[in-house]
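In: Here is my input, please return the structure:
(chains A and B)
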Amino acid sequence: MSDQLPLSERAYRIRRYALRMGEVQGQGYVGQALGYADVLAIAYGHAMTYRPDDPQWEARDRFLLSHGHYAIAFYAALIEAGILPEEELETYGSDDSRLPMSGMATYTPGMEMSGGSLGQGLPIAVGMALALRLKRNPAFVYNSMSDGELDEGSTWEAAMAASHHGLSNLICLVDINNQQADGPSSKVMAFEPLVDKWAAFGWHVQRVDGNDLPSVKAAFDTARALPEARPRVILCDTLMGKGVPFLEQREKNHFIRVDPPEWQQAIDHLDQAQGAAA
Amino acid sequence: MNTSHTIANVAKKPRLKTSAMIASIASEGQRVKAAPFGKALVDLAESRSEIVGLTADLAKYTDLHLFAHAYPERFFQMGMAEQLLMAAAGGFAKEGFVPFATTYAVFGTRRAFDFVHQVIAEENLNVKLCCALPGLTTGYGPSHQATEDLALMRGIPGMTIVDPCDALDIEQAVPQIAAHQGPVYMRLPRGQVPLVLDEYDYKFELGKAKLLRDGRDVLVVSSGFMTMRSLEMADELRADNVDVAVLHVPTIKPLDDATLLAEVKRLDRLVVVAENHSVIGGLGEAVASLLMRNGVARAFRQIALPDAFLDAGALPTLHERYGISTSAMAARVRGWIGCSPKTCTPPVRGRFSSAGL
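Out: Okay, the predicted model is just below:
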């Protein structure tokens, strides 16, 4: 993918698409979408190789959305990437839509796995990365996961195996927004020190501000260029609701319900901020 | 609590060695073939480069080590991690490979259930799960006895389930399940595996039930090694002038409805389903529901493992205790048809028609 659009513009558009889908249903995981938009903008706007008109293209980089409830964020990224048509966002979460509330490979072009049962993406990624290596296909497998999935044992089974098998074509992205269903992730299950944990499992680790585009971009570049035969993880600290101040401050923001007028306020805020930046 | 656990009883009994707890189900002097699964997979892999093998620290105990030696570059060790095993196999299938994933049946079904369900079956991926120690084929107790694996796998939409009887069944099933598009769960007899079906002009066909021998009094419907036991039981009951038919059903799902219904309808016989699985949710209940749904009424009995956590011990002891040894099966069938070895002759035909039971 070329870098024709500024990446900040891509991130803004991903946020905007996500808010519009949230408005269709009046609720959703928009806090995550706003927080993770910068990472997705770098993935689809800068780092990954793919063909928008051929989502199954053999040489594409694979992007596994392990946290299926991030579908709203991912659909927004797929629309921005040109893999899904913009009009389709109106169908989000509706009967017979290709865009169900939780991401499923059987429904959506560009969706590589049916996520939602958490902790499954990374072990699938291990199999895909081994398979690509066996095929001598140089594509990368990106596994995208939430910090809540660090609670799942299967994540660590896979982390161990990826290192054991020296999977240099595997890049794991962890969205650390410190928010899961029952409250702050660190309170639900203390997960720090994350850099040490991943490093102890044999991974190349980078930890970045996931809402700082240049940092995220540099981390992706480093992960892709490393010569070492080991898997790479980018730990992305993000802010739930990023870009819409009244959502950033909302206390219960794992699953956001927004009053009807607030959707437009949120979009207006994004538009103004983007206009000021441009 | 089983009273045979008492010290006094244990002291009186001849001691069966530990090897009887982990040995194959072959009886002494029986014809066997070694590692039929491993050999069949190696043979097939020569012409099918997309076949890969994965295991969770049990290559040697699932006969996959033969494949690992023949094709080391296509063998992937996942360590003792069954969730990873299933999901990684799914990853291989997504990339166009046909992964054969092996572990023990308890771990492949109970432990990794959600991964089989969500990663593999929901996307109809081409993963072949080959799981050793199905049902009561180890004396290690409930930790290793997969007495509900069929119930679990039957509940998964689109899952094909194969329960082979012997080495011939396995050899012929391996290329067929590889050719099948979609997930397959195969119960895997490993090691020294009995060979019995070569005497019956038998060929495995995925999805097909096969009548191995006909008989006018009792129709035994069976899968896995219980078909072998049913054939032995048929021989034993012949001496009592009881004529037993044996219908082997190596594919549990999808069930061969047409053959089953035709055989049950053809003659008014006592229908006995014999399986190496809990009485809940396996072949017996599948057949019962098929007959009920089609309005076919017959006297119906199940030979299966009880709905219980089974004892640890030597396999021959346990098979006898839970009624799946040949002699225990014969005794139960004699009871159901109201005869004993001395009183069964002359013919008892007609006494146990569906009207009478």
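In: Tell me where chain A has strands.
Out: A:27-28, A:62-65, A:141-146, A:170-176, A:204-209, A:232-237, A:256-257 (DSSP state E).
In: What mean pLDDT does the second one get?
Out: pLDDT averaged over strand A:62-65 equals 98, rounded to a whole number.
In: Can you name the residues in contact with that strand?
Out: A:43-44, A:48, A:71, A:74, A:103, A:110-113, A:115, A:121, A:124-125, A:128, A:132, A:139-144 (C-beta atoms under 8 Å, 6 or more residues apart in numbering or on different chains). Every residue, glycine included, has its C-beta placed from N, CA and C.
In: hang on, the earlier thing: mean pLDDT for the strands of chain A: which is lowest?
Out: When the strands of chain A are compared by mean pLDDT, strand A:256-257 comes last with a mean of 73.
In: Which residues outside that one are in contact with it?
Out: Counting by C-beta under 8 Å, 6+ apart, A:22, A:26-31, A:241, A:247, A:250 sit against strand A:256-257.
In: Can you tell me which of these is closest to chain B?
Out: A:Y29 (19.2 Å; C-beta to the nearest C-beta).
In: number of nearby residues for that closest one?
Out: 25 (other C-beta atoms under 10 Å in any protein chain shown).
In: That one reaches A:F74, doesn't it?
Out: No. With contact defined as C-beta atoms under 8 Å, A:Y29 does not reach A:F74; the gap is 10.3 Å.
In: Throw the contacts of strand A:256-257 into a markdown table and include distance to B:V119, thanks.
Out: Output for the contacts of strand A:256-257, formatted as a markdown table (distance: C-beta to C-beta, whole Å):
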| residue | distance to B:V119 |
| --- | --- |
| A:G22 | 28 |
| A:G26 | 32 |
| A:Q27 | 28 |
| A:G28 | 25 |
| A:Y29 | 22 |
| A:V30 | 27 |
| A:G31 | 27 |
| A:G241 | 31 |
| A:L247 | 33 |
| A:R250 | 34 |
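In: What subset of the residues you listed is buried?
Out: A:22, A:28-31, A:241, A:247 (16 or more other C-beta atoms under 10 Å in any protein chain shown).
In: if we take these, which one ends up nearest to B:R332?
Out: Comparing the buried ones among the contacts of strand A:256-257 against B:R332 with C-beta to C-beta places A:Y29 closest, at 57.1 Å.
In: Return the residues in contact with the closest one.
Out: The neighbourhood of A:Y29, defined by C-beta under 8 Å, 6+ apart, consists of A:69-73, A:254-256.
In: who's in contact with the residue nearest to A:G116 when sequence neighbours are not counted?
Out: The shortest distance from A:G116 to any residue other than its chain neighbours is 3.2 Å, reached at A:G68 (C-beta to C-beta, 6 or more residues apart in numbering or on different chains). By C-beta under 8 Å, 6+ apart, A:G68 lies in contact with A:102-104, A:114-117.
In: what does B:A331 give?
Out: Here B:A331 is in contact with no residue (C-beta under 8 Å, 6+ apart).
In: residues of the helix or strand it falls within that come out buried?
Out: Here B:A331, judged by DSSP states H and E, is contained in helix B:326-336. By 16+ other C-beta under 10 Å, the buried positions in helix B:326-336 come out as B:326, B:328-334, B:336.
In: before we move on, the earlier item: which among the contacts of A:Y29 gets closest to chain B?
Out: A:H69 (14.0 Å).
In: thought that closest one was touching A:A33?
Out: No. Judged on C-beta under 8 Å, A:H69 makes no contact with A:A33 at a distance of 10.3 Å.
In: Looking at those two, which one has more neighbours?
Out: The residue with more neighbours, out of A:H69 and A:A33, is A:A33; 29 against 22, by other C-beta under 10 Å.
In: Make JSON lines out of the buried residues of helix B:326-336 and add distance to A:A190 and pLDDT.
Out: Putting these into JSON lines (distance: C-beta to C-beta, whole Å; pLDDT from 0 to 100) gives the following:
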{"residue": "B:T326", "distance to A:A190": "57", "pLDDT": "97"}
{"residue": "B:A328", "distance to A:A190": "54", "pLDDT": "97"}
{"residue": "B:M329", "distance to A:A190": "56", "pLDDT": "97"}
{"residue": "B:A330", "distance to A:A190": "61", "pLDDT": "96"}
{"residue": "B:A331", "distance to A:A190": "59", "pLDDT": "95"}
{"residue": "B:R332", "distance to A:A190": "57", "pLDDT": "95"}
{"residue": "B:V333", "distance to A:A190": "60", "pLDDT": "95"}
{"residue": "B:R334", "distance to A:A190": "64", "pLDDT": "92"}
{"residue": "B:W336", "distance to A:A190": "60", "pLDDT": "92"}
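In: Pipe the residues you listed into TSV and attach distance to A:G183 per row.
Out: Output for the buried residues of helix B:326-336, formatted as TSV (distance: C-beta to C-beta, whole Å):
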residue	distance to A:G183
B:T326	60
B:A328	56
B:M329	57
B:A330	62
B:A331	61
B:R332	57
B:V333	60
B:R334	64
B:W336	60
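In: Reformat the contacts of A:G68 as a markdown table; add neighbour count and pLDDT.
Out: Shown next, in a markdown table, are the contacts of A:G68 (neighbours: other C-beta atoms under 10 Å in any protein chain shown; pLDDT from 0 to 100):
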| residue | neighbour count | pLDDT |
| --- | --- | --- |
| A:S102 | 18 | 94 |
| A:G103 | 26 | 95 |
| A:M104 | 21 | 96 |
| A:S114 | 23 | 96 |
| A:G115 | 30 | 95 |
| A:G116 | 20 | 93 |
| A:S117 | 18 | 96 |
